[in-house]
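Participant: Quick check, what structure comes out for this input:
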Amino acid sequence: MARKCYVTGLSSVSGNKRSHSLQSSRRTWKANLQKVRIVDEKGRVVRVYVSTRALRSGLVTRA
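Facilitator: Sure thing, here's the model as predicted:
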């Protein structure tokens, strides 16, 4: 599964993990995705992964 929001396109973000001694190693922050049933543009009910930010802001209509 590609960790990408169906509506907003939000995906994983990479950066540095910093220890207490400020040594760095690479890490990723994953998007908070939920599997929901929505009504798409054509009126069909589809099950997709949507970010919680898109759900709270009302960008999708749930089926």
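
Participant: Doesn't residue 54 belong to a helix?
Facilitator: Yes: read with DSSP: H, G, I helix; E, B strand; the rest coil, residue 54 is one of the residues of a helix.

Participant: quick one: it and residue 8 touch, right?
Facilitator: Yes: here residue 54 reaches residue 8: they are 5.1 Å apart, a contact under C-beta atoms under 8 Å. For glycine as for every other residue, the C-beta is placed from the backbone atoms N, C-alpha and C.

Participant: mind listing the helices for this structure?
Facilitator: 52-57 (DSSP state H).

Participant: Flag the shaky bits of this structure, pLDDT-wise.
Facilitator: 1 (pLDDT under 70).

Participant: how about 90 then?
Facilitator: 1-3 (pLDDT under 90).

Participant: Between residue 54 and residue 8, tell me which one has more neighbours.
Facilitator: Shown here are residue 54 and residue 8; by other C-beta atoms under 10 Å, residue 54 has more neighbours (20 against 15).

Participant: Next up, the contacts around the more buried one.
Facilitator: 5, 7, 8, 10, 60 (C-beta atoms under 8 Å, 6 or more residues apart in numbering).
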